[in-house]
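A.B. asks: Have a look at this prediction, sequence included:
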Amino acid sequence: LDYEWKQDEWSKITRSTVSDWDRNAETIVQWSPFSSEADLLRQFNLMKDHGTRIIIYNLWEDDQGLSELDFHADQHDIQLRGVNRDEKNIQMAKEFPNSRHFLTYRHSLRSYASIVYLRLPPNFRIILRGKDVEHHNIVNDMMLTEMITYRPNPSAEGAPKDLNLAALVTIGFVKDAKYHIDVQGFNVYHKNRLIKPFWRVWNAAGSDGRGVIGVLEANFVEPAHDKQGFERTTVLSRLETRLKEIQKLYWTTNCHRIGYAPRRNKKGIEQSLGKDPSSDHDAQQSTQSNKKSTSSTKRPTDSDKLYSPSNWNKKGKECQELPKAMDGGNGNGHVFSKGENRKTARMDSSAKVTTRPGKGLSSVETSSPSAEDDSDDVCEVLPKRQANGSSQKFVTRSKSKERGLNDERCHSQTDLHILEQLKQENSELKERFLEDIYYIVSLMVSGLLDFNLKDTTMFCRLEKYEGGHDDLQQERNRCQSLEIELAEALKKIEQLNNEQESIISIFSEERDRRDKEEEKLRKKLKDASNTIQELLDKVKILEKMKTPNIKQERRES
């Protein structure tokens, strides 16, 4: 219905016919809280020259008798009750003010109205319950912002043909992202009007994507008729895919800045931080060159690599042919030099162990770094395999000893003295050799313990994984049960809606029947009144006719 204020009264602006106007007026009065058209027109008296007045009535009530809109929680706001209201989010909005609009726009009209326009025109105000709504730009809640230009593909279905049309996407972390709260989404505007608030385009498992929010104005996407979403077109699907890629790239590049574990390699993170990775690369190269120069004098031989502890479990011809290669094909053993180098080579000597699976230790060697020392005294240790393959026989031979034995008849005293020295040296060598054997065996035992520890760790991890798998299965079962409950609830809601529609139809039929009955009763009452009036008229006529007759009779008498 359209009215125009003329000559101190509201005049009708008829678009079609008068009957259509009357029918529309009757419908509005019937389904409104006003009893008549005059009462409806009185609502304009509450406004000045211009404005909009919204009247909400027939609010639903819950089981406690409370309406679905809450006017008492905040005297300057209108809030929702029910499923859209989460007390936890309200409490979090007090703790994290930069995330307040994300946590409250679903149930607070003031919060939603503050972000419903991207830019406010001059002299434009929104007044809610007597207080101005303060405009808010989500960009002010961001940190580490980046700006990306998105241009739609003009060849897509429904895409605009204007090649200069683009959307400027502003993306960043909410300032409360360091607390790892689940706040994310894009505010998508269309011609300055918010269509999709905090559109969640990336539903990642775990904590990926948290804290990332964005703002853009997409004038090339067609909004729905109710301005609560966009029409599902190819342009919208491509925009959603691109926004998802932008959020993923931004998150993986910058998530370590707000306390999450890095999702990219070190080089990419350093580049995102503005650090030159070449400096670390040069330092790494210099470190490697230093290591190479340091280890050049300690480069192990092939036999050292073969006898190293990391190769104890290796099999093959190298381990089997090693004894011949070491002693030129004459057997196992090693030469110890005489002198002070031999005394100081106890722990510095390299240890080499050759093992064969199932037969225990076959040869143990310790070498001294003073291999260039030329001495007349040579001690050779020759291990000899027994029947069980585990025992060893140590044979010592010395050139000095041989010379002492050859000249024993001439130099008995000197030879005895030399013999005693050789015996003492041999005993010392045996002790050192046994100590080295004990040391190598301890290394082997520790290595086995390490392997056992690693096996235990892997077993624990496997148990943990199996436990996590059980938890995942439980979560899946719970989700399935929740889906079943949701389906039942939706079915029940549908039944209730059908019942409500049937009740409404019954009420409307009852009202029509009542109106018809009232009309019939009014008609009967009117007929009765007419009949009564006719009877009264007849009575009056009869009385008038009767009065002259009475007077004539009196005269005659």
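C.D. replies: Alright, I've got the coordinates.
A.B. asks: List the contacts of the closest residue to Asn98 other than its chain neighbours.
C.D. replies: Using Cβ to Cβ, 6 or more residues apart in numbering and skipping the chain neighbours, the partner closest in space to Asn98 is Lys175 (4.1 Å). C-beta: built from backbone N, CA, C; applies to glycine. Listed by Cβ atoms under 8 Å, 6 or more residues apart in numbering, the contact set of Lys175 reads 98, 141-143.
A.B. asks: switch the cut-off to 10 Å
C.D. replies: Taking Cβ atoms under 10 Å, 6 or more residues apart in numbering as the contact definition, Lys175 lies against 96-99, 140-144, 211.
A.B. asks: and it, backbone torsions?
C.D. replies: With angles defined as degrees, to the nearest 10, Lys175 sits at phi -60, psi -20.
A.B. asks: before we move on, what about Phe96?
C.D. replies: phi -120, psi 90.
A.B. asks: didn't it look like it was pressed against Leu103?
C.D. replies: Yes - counting by Cβ atoms under 10 Å, Phe96 touches Leu103, with 7.6 Å between them.
A.B. asks: Spell out which residues are contacts of both of these two.
C.D. replies: Taking Cβ under 10 Å, 6+ apart as the contact rule, the neighbours common to Phe96 and Leu103 are 181, 183.
A.B. asks: quick one: which of these two has more around it?
C.D. replies: When Phe96 is set against Leu103 and neighbours are counted by other Cβ atoms under 10 Å, the residue ahead is Leu103, at 22 against 19.
A.B. asks: what about this structure, any weak spots by pLDDT?
C.D. replies: With pLDDT under 70 as the threshold, the chain has low-confidence stretches at 155-164, 264-412, 449-454, 551, 557.
A.B. asks: What ranges does it have for its helices?
C.D. replies: With helices called from DSSP state H, the chain shows them at 18-30, 37-41, 87-95, 100-104, 109-115, 234-254, 266-272, 277-295, 302-307, 317-326, 340-344, 399-406, 412-556.
A.B. asks: just checking, what packs against the last one?
C.D. replies: Right, the one you point to is helix 412-556. If you count contacts as 3 or more Cβ pairs under 10 Å, 6 or more residues apart in numbering; DSSP states H and E, helix 412-556 packs onto strand 335-336, helix 340-344, strand 350-356, strand 360-367, strand 379-380, helix 399-406.
A.B. asks: and what of the third one?
C.D. replies: Based on contacts counted as 3+ Cβ pairs under 10 Å, 6+ apart, the elements that helix 87-95 packs against are helix 100-104.
A.B. asks: rewinding a little: for the helices of the chain, which one ends up most surrounded?
C.D. replies: Scoring those by mean neighbour count under mean count of other Cβ atoms under 10 Å gives helix 100-104 as the most buried, with a mean of 23.
A.B. asks: Now tell me what touches it from outside.
C.D. replies: 77, 79, 85-86, 88-96, 108, 110-112, 114-115, 136, 138, 141, 174, 176, 181-185, 187, 197-198, 213.
A.B. asks: ok, now with 6 Å
C.D. replies: 89, 92-93, 111, 115, 183, 198 (Cβ atoms under 6 Å, 6 or more residues apart in numbering).
A.B. asks: Which pair of these spans the longest distance?
C.D. replies: Within those, two members stand farthest from each other by Cβ to Cβ: Met92 and Ile115, at 17.7 Å.
A.B. asks: excluding its backbone neighbours, what's nearest Asn24?
C.D. replies: Take Asn24 and drop its neighbours on the chain: the residue closest to it by Cβ to Cβ, 6+ apart is Leu1, 5.9 Å away.
A.B. asks: Now do the one you found: how many residues are near it, please.
C.D. replies: Once other Cβ under 10 Å is used to define contacts, Leu1 is seen to have 14 neighbours.
A.B. asks: quick one: Lys516 from Glu510, how far?
C.D. replies: Shown here: Lys516 relative to Glu510, a distance of 11 Å by Cβ to Cβ, to the nearest Å.
A.B. asks: picking that back up, of the contacts of Lys175, which belong to strands?
C.D. replies: Counted as lying in strands by DSSP state E, out of the contacts of Lys175, are 142-144.
A.B. asks: Weed out the non-buried ones from those.
C.D. replies: Buried by 16 or more other Cβ atoms under 10 Å: 142, 144, out of these.
A.B. asks: Make JSON lines out of the ones in strands among the contacts of Lys175 and add distance to Thr252.
C.D. replies: Formatted as JSON lines, the ones in strands among the contacts of Lys175 follow (distance: Cβ to Cβ, whole Å):
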{"residue": "Met142", "distance to Thr252": "18"}
{"residue": "Met143", "distance to Thr252": "18"}
{"residue": "Leu144", "distance to Thr252": "14"}
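A.B. asks: just curious, which of the ones in strands among the contacts of Lys175 is nearest to Glu556?
C.D. replies: Met142 (118.7 Å).
A.B. asks: rewinding a little: report the separation between the residue nearest to Asn24 and Gly185.
C.D. replies: Distance from Leu1 to Gly185, counting by Cβ to Cβ: 40 Å.
A.B. asks: And Arg461, by the same measure?
C.D. replies: With distances defined as Cβ to Cβ, the gap from Arg461 to Gly185 amounts to 36 Å.
A.B. asks: May I see the buried residues of stretch 182-196?
C.D. replies: By neighbour count, and taking 16+ other Cβ under 10 Å as the criterion, the buried residues in stretch 182-196 are 183-190, 194-196.
A.B. asks: which of those residues sit farthest apart?
C.D. replies: Checking those against each other with Cβ to Cβ, the farthest-apart pair comes out as Val183 and His190, at 23.0 Å.
A.B. asks: hmm, back to that, with distance to Ala218 added, can I get the contacts of Lys175 in TSV?
C.D. replies: As requested, the contacts of Lys175 are arranged in TSV below (distance: Cβ to Cβ, whole Å):
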residue	distance to Ala218
Phe96	28
Pro97	28
Asn98	24
Ser99	24
Asn140	21
Asp141	20
Met142	19
Met143	24
Leu144	23
Gly211	23
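A.B. asks: Tell me which two in those residues are the farthest apart.
C.D. replies: The distance between the two most remote of these (Cβ to Cβ) is 18.5 Å, for Pro97 and Leu144.
A.B. asks: Wait, Lys131 touches His76, no?
C.D. replies: Yes - counting by Cβ atoms under 6 Å, Lys131 touches His76, with 4.2 Å between them.
A.B. asks: Find the nearest non-adjacent residue to Ile213, please.
C.D. replies: With sequence-adjacent residues excluded and distances taken as Cβ to Cβ, 6+ apart, Ile213 is closest to Val174, at 5.3 Å.
A.B. asks: what's the burial count for that neighbour?
C.D. replies: 23.
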